[in-house]
Structures are given as C-alpha cells and as structure tokens.
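J.: Following is a predicted model, sequence given first.
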Amino acid sequence: MQLSVLQLVLMLAAVIVLNTSLLIYNLPSANSPINTTVYDDDDTSIPLPVTNTPPLRPKTLEEVPLPGHVSRDSSSVYLSSRLPYLVTRLKKETSSLLARVTNGTNLSSSEQETLRVAQQQLLQATALALAAPDNKALPADTSNTSRLLVMILSARDNFDQRTALRETWVEVFKNNGVSYQGRQLTVVPRFLVGNRGCEVPPAYRRSRYSCEAKHLLNPVLNQAIFVHTVPVTKGTTIPADTEGFDFETQHWISVRKLGVFDSTGDGIGPDVVVRLYDRSSRKVVLEAQASGAGTQVTRSGSMVWLDVLGVVLPRGFKGTIAVSGLTDADPMLTTRDESILNTGGGLIFIEPYRRYGLQHQTYPDVIVPAEEQDPTFLVAGSFQFDSVRTTPASTYTLAWKSGVSYPEVKLYEQDSLRLTSSEASLPLVELRTEDAWTACQTDAKNVLRDLSLQSPAAPGQDSAALTLSGLKDGMHYFADPRKCASGMKIKLRVTRSPDIVEQIEALNENRSVAFADWRLHLADSQSRLKAEIQEHEDVLELDMQDTYRHLPLKLHLGLRYAYGQGFDYALKTDDDVYIHTSRFFEQFATRVWPSTRPTWWGSFRVNWPVERSGKWQEHEYQGSQYAPFACGSGSVLSRQLLEHLAGMPAPRMFQGEDVSLGLWLAGVDALTLNDNGWSCFGKDVSCNPKFISLPELKISEIKEAHANALTCSNPCG
C-alpha cells in the first residue's frame with residue numbers, strides 16, 4: 001500500500017504525540033488486557049484484536065474481527081483505506097486531553113486509560129494497514145466530503161482508448177467536483193483491466209467474445225453423421241413435456257433427418273413431435289412426427305429417425321433440437337457414455353446444458369447449466385446431417401428503390417443477388433472504380449458494363465427483377481445511372497467460398513507459429529501495461545482473465561474494490577463512452593441522495609428480452625425477460641448498494657455486466673433514478689446537448705465531442 005506524504009505525517013505525528021503522553025504519565029502496563037474499538041465514519045464500531053502487546057505487524061488478517069458489512073476478502077483494503085480517517089479521529093478525540101497535558105494538568109485514571117487505549121488503537125490500525133495489499137491510498141474522508149470512484153471497464157490492449165479518455169473527460173473529472181446536500185463530491189477515475197489475457201490466439205478461438213478454443217479438429221466429410229447412436233437401451237429419466245439441447249454449427253451442414261430416443265425400442269407415442277428451432281428467432285426450421293402422413297421412419301437401436309425435407313444450415317447457426325409430447329412412458333436416456341455422441345469431428349458444437357419446457361409444443365425456455373446436472377448426457381431428440389466441403393450456392397433478394405441507403409453486401413463467388421423493382425424497367429450499370437461509384441460518374445468511360453433491364457421480367461408483370469451472378473473475387477460497384485445521387489447504388493464484396501479442409505490445414509500448419517507469436521504479443525502487452533500503470537497510476541489490475549464474457553466478474557471485482565476503499569459512490573462506464581462532465585456534475589447535484597436508502601441513478605431498461613444467440617447470448621438466466629437494469633454507458637450506485645454487492649462473495653455471472661448487475665440487485669429495495677441523459681445508443685441516434693453519456697464512440701469521435709464541449713459547451717457541436 002502506498003500512503004501519501006500528508007497521511008504519513010498525520011500518522012507519525014499522532015504516534016509521537018500519543019507516545020509522549022505515555023512517557024509523562026505512569027499509565028497501566030501495555031500488557032494489561034483492554035477492549036479496543038476503532039470508530040468508522042458512520043459511528044459504528046470496528047472491533048480490533050486484543051493482544052498483550054501492540055502488534056506492529058499481525059501474522060494474519062484472518063485474526064481480525066470485522067463488522068457485519070465488511071467481507072473477509074475486502075478486510076485489509078477496508079481497514080487500510082480507513083487509516084487516514086482513524087488518525088484524524090483519534091487526534092480529535094484526544095486533543096483536549098493532550099492540551100491539558102501540555103498545560104501541566106493531571107489526568108484522572110479513566111482519562112489516562114483513554115489515552116492508552118487511543119495509542120493501542122492507532123498502532124493496531126497502522127499494523128493492519130501495513131499488512132494490507134499494495135493498493136494505492138485514496139484521499140482521506142472528512143465529515144463533509146464524499147468520494148466517487150469512476151470505474152472505466154477497459155480491455156488490456158485498449159491503450160489508445162485509455163489515452164484518449166485521459167486527454168478528454170477523465171482529465172476534467174480528476175480536477176473538478178461539485179457541492180451537493182451540504183457536501184463536496186470529489187472524483188477518482190480508474191481504468192479496470194484483468195491481470196492476464198487470453199492465451200489462445202483469436203483465429204483459434206470458438207468465439208471472439210471468449211477464450212474457448214475451437215473444437216473443429218478433424219472434420220468428417222462426405223458422409224452422413226448421426227449425432228446420437230444408441231443401442232437398444234431403457235431410459236431412466238422422466239422428461240418434462242418438452243426436452244432438448246442447443247448446438248452451434250462450425251461449418252455449413254445439411255440436415256436430412258430428425259431423431260427421437262425410443263426407450264427399449266418399443267415405439268413412441270403418436271403425439272411425440274421433434275423440432276429444429278432457430279435459437280435466435282425461436283422459429284421452427286424443421287419438424288417431424290412419427291404418426292404424420294407420409295413420414296418415412298427408420299429405426300436404429302433406440303433411435304427413431306424421421307425423414308425431413310433437407311435444409312442447409314450456415315456456419316455459425318445456433319439451433320435447438322426439442323422433443324414435445326413425451327410422457328412417463330417415454331423416459332429419456334441418462335448416460336455418461338460419450339461414445340454415443342458424434343459431432344462430425346467438430347462440425348457442430350453441443351452446448352453443455354439441458355433445455356426443457358413445460359408447455360406442449362412450445363420453445364423450451366428453461367436452461368439447466370452443466371454444473372447443476374449430474375449426468376453427462378440427457379438424450380431425448382437428435383438429428384442427422386451431411387457435411388459439405390464448401391459453402392453451397394445461395395440466392396439473396398434485395399428491393400431496389402430510391403431513398404434507401406444500401407450497406408456493403410458480401411457474397412461468395414457461387415452466390416447470386418436478385419434485385420427487384422416496382423418499376424417496369426431496371427437501369428443498372430457496373431462502374432470501374434470506387435471513386436466513380438462514390439461520385440456517381442456514370443458516363444461511358446467509367447462504365448464497365450451495362451446490365452439495364454428495359455422491360456418487365458416476365459410478360460404481364462408490372463415489375464422488373466435482375467439477377468447478378470457469376471461475379472468474381474473482388475469488389476464490384478453498381479448504380480442506377482438515373483438515380484445514383486438519390487442512393488440507388490450498391491457495393492458488393494465477393495470472395496471465394498471457404499473450403500473447410502483448406503481452413504483446417506492452414507490452422508494446423510500455422511498453429512505453433514501462431515501461438516508463439518501470440519505469446520510474444522501478450523508479453524509485449526504486459527510490458528506496455530506495466531509502464532502505463534507506473535506513469536499514470538490510474539489502472540487497476542484485477543485478478544481475472546480479460547475477455548468479453550468475463551465483464552460481469554470485472555464489474556463485481558471493481559464494485560468490491562470501491563466498497564473496500566470506502567467510496568460513497570461508484571460510476572460504471574466503458575472506454576468507448578464520452579461523459580459530459582459538466583452535465584454530470586449539474587445533474588448529480590440536483591439529485592436527492594438519501595443517506596439510508598440504496599440509490600441507483602441511470603437509464604433503465606425494463607422487460608428487456610433475453611437473447612439466446614449472438615454477442616449477448618444468455619446461458620445462465622432462465623427467464624424470458626431480464627430484471628430492470630441500467631444501460632451500459634453509465635450508472636451511479638450509492639454506498640448502500642456497494643455494501644450489498646461486496647457482501648456477495650461469488651454472485652452468478654450472467655451474459656453481460658449490465659444485465660448481471662440488474663439481476664444481482666433485483667431483490668434490493670433501491671431507489672432508482674431513471675434519467676435518459678445516460679444515453680443507451682450511439683451518437684448518430686441520440687446526440688443532444690442534454691445527454692450525460694454517449695456510448696459506442698470511436699477515438700476520433702470522443703476527441704471531437706470533447707473539443708465541441710470546450711468551444712461551445714455542447715459536445716454535439
């Protein structure tokens with residue numbers, strides 16, 4: 001722990017003065033047992049250990065009794081952060097007695113005892129502080145000062161983002177404060193990073209949001225893959241009405257059959273239906289029923305396979321296999337035998353949890369995480385797929401009309417793009433260069449080819465359609481020569497279809513070099529981060545692996561730090577956010593901050609739907625809607641909420657830090673101060689002078705907003 005010069009002076013002065021008083025008077029022996037307490041700033045006592053001699057360095061902090069609202073993990077940080085206040089408090093309580101000593105007045109036995117107890121309190125508090133971890137000491141508390149910790153969640157490698165924030169609103173925060181309710185608020189900004197990065201190079205991770213390695217190791221091609229192969233077996237687990245599992249494709253696959261587990265092979269009920277869902281939309285992609293008319297049924301061991309019209313699932317597809325209509329007569333298979341499972345050498349990934357539902361033929365909402373279920377496998381449904389080496393050809397359709405801003409479209413060489421128009425003709429040219437396309441220069445010298453369709457696509461139709469196909473690898477620029485300026489132009493990026501064999505061979509061939517290079521990157525990043533910490537002293541390294549999926553843990557560790565360091569408030573934000581500091585101080589001062597009721601200030605999302613796929617994919621929370629939570633650009637929590645959160649030693653980590661915070665606080669009777677000034681969307685959507693925070697900004701946009709704020713007090717310009 002590092003103490004400021006002022007704190008050291010106060011501490012040493014108090015020790016010298018109190019020790020002097022002991023020399024003047026014949027006080028009871030220091031070996032006499034005494035009851036010692038140190039008072040916190042909320043006038044509750046913190047008992048300190050009673051020892052025969054004042055300890056200069058206790059052997060362990062585990063021996064120190066703590067008040068109920070201080071967790072054992074944060075005890076040393078808590079006590080060390082209180083040391084400067086304790087010195088001031090003890091000096092204040094004994095000043096009158098020391099003044100009498102100076103004037104030669106004799107003290108009574110009880111007054112002598114008070115001085116002796118004060119000395120032991122100070123020595124013990126000092127010893128505890130010296131035994132604390134190396135946390136930077138923060139400004140001392142006073143009766144009319146509150147402190148706000150600004151927690152800026154930042155990735156380890158985001159050096160440029162942190163520099164931009166230091167040069168803009170963070171610098172303003174450090175040098176300013178505000179008066180409110182008779183108190184003065186001071187601000188301490190800190191960047192929160194994990195103390196270690198992911199050791200798996202990005203190209204070898206299953207997702208850019210986690211550190212999990214890819215499971216695609218040895219893909220099986222050109223043959224039918226049955227995900228579950230089960231000999232005739234008796235099921236042992238009574239199912240819910242709907243049972244299933246989730247999977248994700250690692251490459252393109254073609255689904256040909258859906259399967260149902262048949263306990264003992266004696267047949268399944270007529271109401272049993274198996275479905276393949278798109279997990280993100282919860283829409284049915286395929287379904288089959290054994291009793292359905294025309295359904296082709298084959299049996300293999302205890303699996304019943306139902307033929308379906310084939311469907312191609314793209315790489316990254318997130319699906320659910322669910323079986324409805326199960327009864328006690330159709331128990332599921334419960335097994336630890338991994339030999340029944342076939343992922344095609346990693347062509348699909350089976351999520352490690354069970355999914356079930358209680359309503360007939362509806363999507364199963366309830367998730368049971370792997371750590372809460374004992375068996376390795378619960379088998380109710382399955383599917384069979386064929387693998388394809390390259391991506392199959394696809395045709396996409398796009399409405400072609402004026403007044404629409406078209407994004408860049410990405411296609412593979414075998415794909416086609418069909419443009420449809422409500423007009424009878426469809427003028428279209430391909431331009432030679434991006435410059436000509438940008439400037440809408442559609443004269444003959446800039447036109448590569450004219451694809452204009454001058455008549456309807458078919459007789460009797462009053463609309464036209466034109467298909468772009470056979471495009472080669474590279475960029476292609478198309479425009480309507482009449483209406484290019486109104487936005488009727490589109491840019492296509494065409495690439496070769498990924499070949500799974502080539503991809504795996506390249507990954508395996510470069511694996512050792514890629515991991516060696518990544519280790520060098522991690523070492524360089526650690527060296528840069530160490531230098532940054534030494535230079536700026538505003539970065540907190542938390543004991544965690546720094547990945548997106550670990551943001552809830554980062555937030556919780558930061559909140560525990562805020563409480564342990566005695567902060568009155570904590571502001572959570574991110575390193576891509578601009579904080580309008582003058583607006584923040586203005587709004588903070590006008591808010592009513594109850595001294596006894598937990599308070600949360602932010603822009604709250606209510607009844608927010610739970611995402612089951614993509615960046616915000618949720619595995620842990622079983623409901624369909626989250627508890628109210630403040631959006632991530634910024635929110636402020638009071639001391640009472642910090643106390644509650646610090647007392648949670650291991651809260652459950654949900655998919656994101658913001659929804660996690662809402663769920664952690666769902667049972668707290670908190671006063672929520674809803675303020676749309678904490679913007680939930682980026683600059684293009686909601687920039688206005690009344691915002692407090694603006695999220696999802698590039699570094700240049702943060703600097704631009706700050707420059708605007710300095711010149712015209714309006715970050716929006």
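T.: Now that the structure is in, tell me what you want to look at.
J.: alpha carbons only for contacts and neighbour counts from here, please
T.: Noted.
J.: what's the pLDDT at Thr467?
T.: Per-residue pLDDT puts Thr467 at 89.
J.: Can you give the distance of whichever strand or helix holds it from its chain's centre?
T.: According to DSSP states H and E, Thr467 maps onto strand 464-468. Centroid separation between strand 464-468 and its chain, computed with Cα atoms, centre = their mean, to the nearest Å, is 43 Å.
J.: Buried by neighbour count: which residues of that strand qualify?
T.: Within strand 464-468, the residues that count as buried by 16 or more other Cα atoms under 10 Å are Ala464, Ala465, Leu466.
J.: Also stretch 312-322?
T.: Buried-residue list, stretch 312-322, by 16+ other Cα under 10 Å: Val312, Leu313, Pro314, Gly316, Phe317, Lys318, Gly319, Thr320, Ile321, Ala322.
J.: what does it contact?
T.: The contact list for stretch 312-322 (Cα atoms under 8 Å, 6 or more residues apart in numbering) reads 242-255, 274-280, 356, 363-364, 380-383, 391, 613.
J.: And stretch 227-236, by the same measure?
T.: Here stretch 227-236 has contacts from 263-265, 300-303, 330-334, 340-344, 382-385, using Cα under 8 Å, 6+ apart.
J.: The same query, at a cut-off of 6 Å, please.
T.: By Cα atoms under 6 Å, 6 or more residues apart in numbering, the surrounding residues in contact with stretch 227-236 are Ser263, Thr264, Gly301, Ser302, Pro331, Met332, Leu333, Ile340, Leu341, Asn342, Phe383, Gln384.
J.: Over to the fifth one: give its phi and psi.
T.: Summarising the backbone geometry of Pro331 under the convention degrees, to the nearest 10, its torsions are phi -70, psi 150.
J.: number of nearby residues for Ser452?
T.: 15 (other Cα atoms under 10 Å).
J.: how far away is it from Pro427?
T.: 4 Å (Cα to Cα, to the nearest Å).
J.: With respect to Pro202, which of the buried residues of stretch 312-322 is nearest?
T.: Closest to Pro202 out of the buried residues of stretch 312-322 is Gly316 (16.1 Å), distances taken as Cα to Cα.
J.: before we move on, which element is the closest one in?
T.: Using DSSP H and E, Gly316 maps to neither a helix nor a strand.
J.: From Leu551, how far off is it?
T.: Gly316 is 23 Å from Leu551, by Cα to Cα.
J.: What of Gly310?
T.: 40 Å.
J.: In CSV, list the contacts of stretch 227-236 along with neighbour count and secondary structure.
T.: As requested, the contacts of stretch 227-236 are exported to CSV (neighbours: other Cα atoms under 10 Å; DSSP: H, G, I helix; E, B strand; the rest coil):
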residue, neighbour count, secondary structure
Ser263, 22, helix
Thr264, 16, helix
Gly301, 15, coil
Ser302, 23, coil
Pro331, 21, coil
Met332, 26, strand
Leu333, 23, strand
Ile340, 15, helix
Leu341, 16, strand
Asn342, 18, coil
Phe383, 21, strand
Gln384, 20, strand
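J.: Turn the residues you listed into TSV, including pLDDT and distance to Gly235.
T.: Shown next, in TSV, are the contacts of stretch 227-236 (pLDDT from 0 to 100; distance: Cα to Cα, whole Å):
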residue	pLDDT	distance to Gly235
Ser263	89	5
Thr264	85	7
Gly301	91	13
Ser302	91	9
Pro331	85	5
Met332	85	5
Leu333	84	4
Ile340	87	14
Leu341	89	16
Asn342	92	20
Phe383	96	19
Gln384	95	21
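J.: ok, back up a step: toward the C-terminus, what is the element adjacent to the strand holding Thr467?
T.: strand 474-479.
J.: Pull the distance from that following strand to the chain's centre.
T.: From the chain centre to the centre of strand 474-479 is a distance of 37 Å (Cα atoms, centre = their mean).
J.: Summarise which helices and strands that strand is packed against.
T.: Judged by 3 or more Cα pairs under 6 Å, 6 or more residues apart in numbering; DSSP states H and E, the packing partners of strand 474-479 are strand 429-431, strand 489-495.
J.: 8 Å instead?
T.: strand 429-431, helix 434-438, strand 489-495 (3 or more Cα pairs under 8 Å, 6 or more residues apart in numbering; DSSP states H and E).
J.: Give the buried residues for that strand.
T.: Met475, His476, Tyr477, Phe478, Ala479.
J.: For the stretch 451-600 of the chain, which segments count as helices?
T.: Secondary structure of the stretch 451-600 of the chain by DSSP state H, counting those that start in this stretch: the helices cover 500-536, 551-564, 581-590.
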